[in-house]
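Trainee: Here's my sequence, what's the structure:
(one chain, ligands or ions: 1)
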Amino acid sequence: MALTAVIRVPSRALLRPWARLRDAALGWIEPAGGGGVEVSAQRFASQKVLVEPDPAAGVAVMKFKNPPVNSLSLELLTELVISLEKLENDKTVRGVVLTSDCPGIFSAGLDLTEMCGRNPAHYAEYWKAVQEMWLRLYLSNLVLVAAINGASPAGGCLIALTCDYRVMADNPKYCIGLNETLLGIVAPFWFKDNLVNTIGHRASERALQLGLLFPPTEALQVGMVDKVVPKDQVQSTALSVLAQWMAIPDHARQLTKNMMRKPTADRLLKQRDADIQNFVSFISRDSIQKSLQMYLEKLKQKKG
Ligand SMILES: CCCCCCCCCCC/C=C/C(=O)SCCNC(=O)CCNC(=O)[C@H](O)C(C)(C)COP(=O)(O)OP(=O)(O)OC[C@H]1O[C@@H](n2cnc3c(N)ncnc32)[C@H](O)[C@@H]1OP(=O)(O)O
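Mentor: From the prediction side, this is the model:
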């Protein structure tokens, strides 16, 4: 990946302590003496989230890279939020395409190993990171377009649903949907709200209860995605759509987006701690742990 853009990063001495941890996570190095540092975009490419900025176009492509299936581990979620925050603060960027670097998979959703056989403190930390990812994406001031170049179940679908527009590859093997009930778990209310805001109440009720995973043409029909194109055109189409959305003055578009989305985000913001407690007690139940273990086993056996 040849990237040449230069990004200005403030001196670490001026940043809060967590920002130093962030710098370390992203591999940014400040020369002795401090005073601010220019880092090449290559440094911006962290391990699990690759960011390819195109300052001339005012856009960036963000690629998830957590092989084999882009499961949303704590590490990936943290990097995603940090990368997004950085793009939000970068005046040269107004729009972002979210896509995958893993062939055939957009994202397999939440990392089941983060929700299985761990302790309550870990579940709480993990869930807070999932909430943070959703809130940051859903309320982003940037134009976000999902280039869905592979399977996109559950949490993968949620990421796509936070975007302003979704382009999906036409391969019938790629499916998208909130399939939580198939795992014996329940999509949280804010997953549900995001889906209802996208495809409407009746279609959501059916999709959520049955844990439906839609192939691209059905996803298009139900309104879960906005456009289906051949696989090799997914990213270019997403970039064209981005350009159309970016033709609208930012302030007017952003205020409108906020007006449409804030009430939904506020429902979670008002009860974040209670939502974490609900998640921890739900996921800690023996019956739920058994269901998740069995599901993971089934995934592993599929190979053999
Ligand atoms: C009272 C109400 C209270 C409510 C409180 C909240 C309740 C909890 C809410 C939780 C919400 C959960 C959201 C989620 O996102 S759960 C995750 C759902 N994801 C899935 O179901 C997808 C599972 N994966 C697949 O279907 C396939 O892997 C996939 C189609 C994505 C790719 O298939 P492929 O054949 O290419 O790859 P494999 O299946 O062989 O997988 C390769 C290895 O990856 C492992 N794997 C797959 N998915 C996951 C995952 N999500 N997390 C962790 N690991 C995963 C798989 O086991 C293979 O591992 P091995 O190589 O070791 O065998």
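Trainee: Enumerate the residues of the stretch 151-300 of the chain near the ligand.
Mentor: 151, 153-155, 179-180, 183, 185-186, 188, 278-279, 282-283, 296, 299-300 (C-beta under 6 Å from any ligand atom). Glycine gets a C-beta too; all of them are placed from N, C-alpha and C.
Trainee: now with 5 Å?
Mentor: 151, 153-155, 185-186, 188, 278-279, 282, 299-300 (C-beta under 5 Å from any ligand atom).
Trainee: CSV for those, including neighbour count and pLDDT?
Mentor: CSV is the format used below for those (neighbours: other C-beta atoms under 10 Å; pLDDT from 0 to 100):
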residue, neighbour count, pLDDT
Ala151, 23, 98
Pro153, 24, 98
Ala154, 25, 98
Gly155, 24, 98
Ile185, 19, 95
Val186, 14, 97
Pro188, 21, 98
Asn278, 15, 98
Phe279, 19, 98
Phe282, 14, 97
Leu299, 12, 94
Lys300, 9, 90
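Trainee: So which of those residues is the closest to Glu75?
Mentor: Relative to Glu75, the closest of these is Gly155; by C-beta to C-beta it sits at 14.5 Å.
Trainee: Tell me who's in contact with that closest one.
Mentor: 72, 107-110, 130 (C-beta atoms under 8 Å, 6 or more residues apart in numbering).
Trainee: Quick check: closest non-adjacent residue to Lys128.
Mentor: Ile276 (6.0 Å; C-beta to C-beta, 6 or more residues apart in numbering).
Trainee: Need the phi and psi values for the closest residue to Val143 other than its chain neighbours.
Mentor: Excluding the flanking residues, the one nearest Val143 by C-beta to C-beta, 6+ apart is Gly95, at 3.8 Å. Backbone dihedrals for Gly95, given as degrees, to the nearest 10, come out at phi -150, psi 150.
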